[in-house]
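*Asks:* Quick one, fold the following:
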Amino acid sequence: MRKRPLVASIAGGALTMTLATLVVRILGLIRWGTQAGQVGSVGVAEAYAAANLVPNVLFEVVAGGALAGALVPLLTAHIVAGAMRKFDATISAILTWTVCLLAALGVLLAVGAPWIVQLIPRVSDPDLYALTVLFLRVFSVQLPLYGVSIVLTGALQAKKLFAWPAMAPGLSSLVVIATYVLFGHMAGGTQGNVGVVPHAAVQVLAWGTTAGVAALSLPLLIPVRAAGISLRPRWRLSATDRRRLAKFAAAGLAGLLFQQCAVVVTMVVLNAAGIAGAYPTWQYAQAVIMVVYGVLIVPVATAAFPALSRSWAGKDRDEFALAGAAGLRMIAAIAVVGATTMVAAAEPVQAFFGFTRGGVAGMSQAVAWSGISLVPLALNFYLGRVLLAAHRTRASGIGTASGWAAAGCLVVVAGVVGGAEGASAGGAADVLTRVAMATAAGQVVGAIVLGGMVRRLLGSPMFAGSWRGILTVVAVTGTLAALARLCGPSAASLSITSGLMWSALYASVIGVAAAAVIALWCRDDVKVLLRSEPEGHDGP
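*Replies:* Prediction:
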């Protein structure tokens, strides 16, 4: 039987993930919209946003960054060798260690919550302090659940099973949406006044959010069992696996450490500006950007990762270069489309979020500049994965870390340059613009560093034929975005419904135009990537 071409494998996996992710991201956007309407941007929302960030950052620093890029190449080596018992033993040991370590960290987080909250600007104020501590203690339960999610997701993706990991966040969103609706009903309009919001409503919000994380992780046990993966409590990893895991984990941890530092710095700078609702508004803007990122970028890069890892493990360097270059062209073009769409639709998006309790002043500026950062962010994600698949772990770690380190430093500079006086004068729009511009500039630094490392380590064929097509896409979609910004309506002139309609219109026009350009520019690549499998099937 003929083996399915690698690029076709990537395309098939990307298509599966794109369809699943589209549904999930729509649910995610509905979730954020429900949060905006039922929780708001001030009062309870500020305590909730700050407390919810802490376990996410801790998880990424302690385990998420180490495991996200390590599991697929580590487990793929066992699949290629046909050593499925070693596969099961390895994933069992990693799961055991991950859950136990994160559970212990969760206990420490719950105990230390009062001291941690004191370090966070604004929510350390007396009116928000007690509520933030309560949220943080409940959210500490989420840590081991996140660990289960990332380990099982890695196991499934290594076996090229993408549907369940892609759909699991949708189950989580459904649980959290129901939580927000119930909280809003119980709060009865008191969300902005922490002193009078019912305690029962707060408990529903805290524990319902945690139940959403359980829905993200525990259902993955179903496809894991169906895939024949045998999980048993186990502590021992082989010496070879320990070395490989340490190598890959170090690369992932370096990037994620600086990424989470940048996330925390952003929260601190926005809260320190003293503008009520600035950080929740930033989160809502990022939620919109992540819909585009998740639907357009993540499926291609995630589907490429195990396929490229198998190609490298099988020493098929020509196929690796071919598939890597094709994936890069797809990522670059699609990222430009996403970026220009966000720039065009920024004002209508803010209008759509007009139902938010407390308002979302400055959201359009955050959406536009964060949209621009989609291009370097997508390149960073993909090029980092290419280097990991080629076992260039140090280069991947350094390149990814450089982008987030630059972003964090520039956000600090933006906060210092703006200052409290400048933030007060310019309002939320000014501080959000500064932070978004700084983040975008930092990601550009990362893309330059990673691109240079890929070119030096893997050669210039990875970039062959990329730039002319990208410039064409930029010219067409950029022109449309500029026309939308110059001639389109402002957020203040739009209602919630018309904001949604204008956003959909801009996305449709730019998407259709971009699809035509991409089809003309890389029609040969499209034919290769959509090539179907003549016979046989993928398998170890």
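
*Asks:* Stretch 391-401: which residues count as buried?
*Replies:* His391, Arg392, Thr393, Ala395, Ser396, Gly397, Ile398, Gly399, Thr400, Ala401 (16 or more other C-beta atoms under 10 Å). In short, each C-beta sits where N, CA and C put it, glycine included.

*Asks:* among those, which are in helices?
*Replies:* Thr393, Ala395, Ser396, Gly397, Ile398, Gly399, Thr400, Ala401 (DSSP state H).

*Asks:* Same list (the buried residues of stretch 391-401) but as JSON lines, adding distance to Val413 and pLDDT.
*Replies:* Output for those, formatted as JSON lines (distance: C-beta to C-beta, whole Å; pLDDT from 0 to 100):
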{"residue": "His391", "distance to Val413": "36", "pLDDT": "77"}
{"residue": "Arg392", "distance to Val413": "31", "pLDDT": "81"}
{"residue": "Thr393", "distance to Val413": "30", "pLDDT": "76"}
{"residue": "Ala395", "distance to Val413": "27", "pLDDT": "84"}
{"residue": "Ser396", "distance to Val413": "26", "pLDDT": "81"}
{"residue": "Gly397", "distance to Val413": "24", "pLDDT": "80"}
{"residue": "Ile398", "distance to Val413": "22", "pLDDT": "86"}
{"residue": "Gly399", "distance to Val413": "22", "pLDDT": "87"}
{"residue": "Thr400", "distance to Val413": "21", "pLDDT": "85"}
{"residue": "Ala401", "distance to Val413": "18", "pLDDT": "88"}
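
*Asks:* buried ones in the host helix or strand of Ile177?
*Replies:* Using DSSP states H and E, Ile177 falls within helix 163-187. Judged by neighbour count using 16+ other C-beta under 10 Å, the buried positions of helix 163-187 are 164-173, 175-180, 183-184, 186-187.

*Asks:* any idea how far the closest residue in space to Leu216 that isn't next to it in sequence lies from Ala110?
*Replies:* With C-beta to C-beta, 6 or more residues apart in numbering as the criterion, Leu216 has its nearest non-adjacent residue at 3.9 Å, and that residue is Ser172. Distance from Ser172 to Ala110, counting by C-beta to C-beta, to the nearest Å: 22 Å.

*Asks:* In the stretch 351-500 of the chain, where is pLDDT below threshold?
*Replies:* Residue ranges of the stretch 351-500 of the chain with pLDDT under 70: 357-358, 418-426, 460-462, 464-470.

*Asks:* which residue ranges form the helices in it?
*Replies:* 363-372, 374-389, 393-458, 467-487, 496-521 (DSSP state H, counting those that start in this stretch).

*Asks:* What of the stretch 151-300 of the chain?
*Replies:* Using DSSP H, counting those that start in this stretch, helices in the stretch 151-300 of the chain cover 163-187, 199-217, 221-226, 239-272, 278-292, 298-313.

*Asks:* Enumerate every residue touching Ala414.
*Replies:* Val269, Arg434, Val435, Met437, Ala438 (C-beta atoms under 8 Å, 6 or more residues apart in numbering).

*Asks:* which one of those is nearest Val224?
*Replies:* The closest of the contacts of Ala414 to Val224 turns out to be Val435 (C-beta to C-beta; 39.5 Å).

*Asks:* about what we covered before: tell me which two in the contacts of Ala414 are the farthest apart.
*Replies:* Longest span within the contacts of Ala414, C-beta to C-beta: Val269 and Met437, 12.6 Å.

*Asks:* which of these two has more neighbours?
*Replies:* Higher neighbour count among Val269 and Met437: Val269, with 26 against 20, using other C-beta atoms under 10 Å.

*Asks:* ok, the closest residue to the more buried one other than its chain neighbours to Val435 distance?
*Replies:* Closest residue to Val269 apart from its sequence neighbours, by C-beta to C-beta, 6+ apart: Gly415 at 3.7 Å. Note on Gly415: its distance to Val435, by C-beta to C-beta, is 8 Å.

*Asks:* shared neighbours, those two?
*Replies:* Val269.

*Asks:* In terms of neighbours, single out the busier of the two.
*Replies:* Taking other C-beta under 10 Å, Gly415 and Val435 do not tie; Val435 has more neighbours (29 against 23).

*Asks:* any idea how far that one lies from Val349?
*Replies:* Val435 is 17 Å from Val349, by C-beta to C-beta.

*Asks:* And Thr98, by the same measure?
*Replies:* 37 Å.

*Asks:* and if you look at Gly408?
*Replies:* 26 Å.

*Asks:* Tell me which of those two has more neighbours.
*Replies:* Val349 (28 against 23).

*Asks:* returning to what we had before: take the helices of the stretch 351-500 of the chain and write them to TSV, including distance to Gln157.
*Replies:* Shown next, in TSV, are these (distance: least, C-beta to C-beta, whole Å):
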stretch	distance to Gln157
helix 363-372	27
helix 374-389	12
helix 393-458	17
helix 467-487	28
helix 496-521	26
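
*Asks:* how about those, which one is nearest Leu71?
*Replies:* That would be, of the helices of the stretch 351-500 of the chain and by C-beta to C-beta, helix 374-389, which comes in at 10.8 Å.

*Asks:* so where's the stretch 51-200 of the chain shaky on pLDDT?
*Replies:* In the stretch 51-200 of the chain (pLDDT under 70), the answer is 60-70, 72-73, 77, 80-83, 122-125, 162.

*Asks:* Do a quick rundown of the strands in it.
*Replies:* Along the stretch 51-200 of the chain, counting by DSSP state E, counting those that start in this stretch, no stretch forms strands.

*Asks:* And the protein, what are its domain boundaries?
*Replies:* As given by automatic domain parsing, the domain ranges for the chain are 39-247, 273-531.

*Asks:* Show me the one of these that comes nearest Leu29.
*Replies:* Short answer: domain 273-531, nearest of those by C-beta to C-beta, at 5.1 Å.
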